[in-house]
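using only what follows, build the 3D model:
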Amino acid sequence: MADFVVQTKNVNKVYGKTVKTTALHDLSIGFEAGSFNAIIGESGSGKSTLLNIIGTLDRPTQGEVIINGVSTKNMTKGALGDLRNETLGFVFQFHYLLPEFTALENVLMPYRIAQGKADKKSIERAKEILDLVGLKKVENNLSVNMSGGQQQRTAIARALMNHPKIILADEPTGNLDSQTTDGVYQLFRKINEELGTTFIIITHDRRVAEKADRIVEITDGSVTLDVIK
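Okay, the predicted model is just below:
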C-alpha cells in the first residue's frame, strides 16, 4: 500500500445554498511522501479548491482529508491551525510578506506564531534556510527592498521554517519572469531532494508542470488525467 502523506476520500465541495455550484465531484486522490506533483487545469476547474481543502484552509461539503494517517474531518479550528503550522507550508502567487519586517523576520514568523519569541536556535535555522534559498546576503533587507524573485524566495523560506512535510504551492511563479520561474522550480527540486519535502503545485502552465514527476489534471472538479513519469 502506498505511503500517502496526504489524501482525499470522496471529497465533494458545493458552494452556495440557493444556487449551488459544485467545485469538486467525489474526488479521491493520494500523494506519496517525498513526491513532486503538479496539478493542472483551466481557470475554474477546481484545482485551487482542491489545494485549499488539502491544506485544511477550507472544509469539504462531503468526504474527508487524511494527513499523516489522521482524518481531519472532526478536528476543531484550533486543532486544524496547529496541524497546518506543524505539517504544511504554503507558497502563493503573491508572497504576502510583511513589508515592515526584514527577510529574516518574515521567515521567523511561523515559528513566532507557534512558539512566541524566537530563540537562538530558531534564528539560526531561519538563517540556514535563507542560505539554502540563496538569500544570505539580503537577510536583513526589508521585504520592500527586494526584487520579486527575492521576495518569492523569502516566502518559500518562510514556508520551510517549521519543518513541514508538505509544501502546497498555488501558482507560485505566476508573477515572475521565465528566468526567475526556472530558478524557483530548481529551488523546489533542491528542497524536495535534500529535505524529502512533498510538493503539490498548482499551475496553469504545462511547461512548468512538465518539471514534476506526476501530473494531475482537474477538469470540472474531477481528475481527468493522472500521469506518473
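
which secondary structure state does Pro172 sit in?
Taken by DSSP: H, G, I helix; E, B strand; the rest coil, the conformation at Pro172 corresponds to coil.

once you drop chain neighbours, what's closest to it?
Val91 (4.6 Å; CB to CB, 6 or more residues apart in numbering). Heads up, the C-betas are built off the backbone N, CA and C, glycines and all.

and the one you found, which helix or strand is it part of?
strand 88-92 (DSSP states H and E).

average pLDDT for the next helix or strand after that strand?
Where DSSP H and E defines the elements, the next helix or strand beyond strand 88-92 is helix 103-115. Helix 103-115 shows a mean pLDDT of 86.

list the buried residues of stretch 86-95.
87-92, 95 (16 or more other CB atoms under 10 Å).

any idea which of these is closest to Asn52?
Phe90 (9.9 Å; CB to CB).

circling back: in the buried residues of stretch 86-95, find the pair that's most separated.
Between any two of these, the greatest separation by CB to CB is 21.3 Å, found for Thr87 and His95.

that older thread, is it possible to get TSV of the buried residues of stretch 86-95 that adds distance to Gly174 and pLDDT?
What follows is the buried residues of stretch 86-95, written out as TSV (distance: CB to CB, whole Å; pLDDT from 0 to 100):
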residue	distance to Gly174	pLDDT
Thr87	25	87
Leu88	20	90
Gly89	18	87
Phe90	15	87
Val91	11	84
Phe92	9	79
His95	11	76
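
now distance to Asn52 too, for these, in TSV please.
Output for the buried residues of stretch 86-95, formatted as TSV (distance: CB to CB, whole Å):
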residue	distance to Asn52
Thr87	15
Leu88	11
Gly89	15
Phe90	10
Val91	14
Phe92	11
His95	18
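
what average pLDDT does the longest helix along the chain get?
The longest helix of the chain (DSSP state H) is helix 178-195. Mean pLDDT, helix 178-195: 84.

would you map the strands across this protein?
4-15, 21-32, 36-40, 62-67, 70-71, 88-92, 166-170, 198-202, 214-219, 222-228 (DSSP state E).

lowest average confidence across those, which one?
strand 88-92 (a mean of 85).

list the contacts of it.
Contacts with strand 88-92, where a contact means CB atoms under 8 Å, 6 or more residues apart in numbering, come from 55-56, 67, 152, 155-156, 158-162, 164-172, 197.

let's go with 6 Å and repeat that
Under the criterion CB atoms under 6 Å, 6 or more residues apart in numbering, residues 55, 155-156, 159-160, 164, 166-170, 172 lie in contact with strand 88-92.

check stretch 44-58 too.
6, 13, 23-24, 39, 41, 60, 72, 80, 84, 88, 168, 170, 202, 218-219, 221.

mind giving me the ChimeraX command for buried ones among those residues?
In ChimeraX, a selection of the buried entries from these looks like this (16+ other CB under 10 Å):
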select :6,13,23,24,39,41,60,72,80,84,88,168,170,202,218,221
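
the residue most central in space within the chain and Gly16, how far apart?
What sits nearest the mean C-alpha location of the chain, by CA atoms, centre = their mean, is Leu168, with 1.5 Å. Going from Leu168 to Gly16 by CB to CB, to the nearest Å gives 25 Å.
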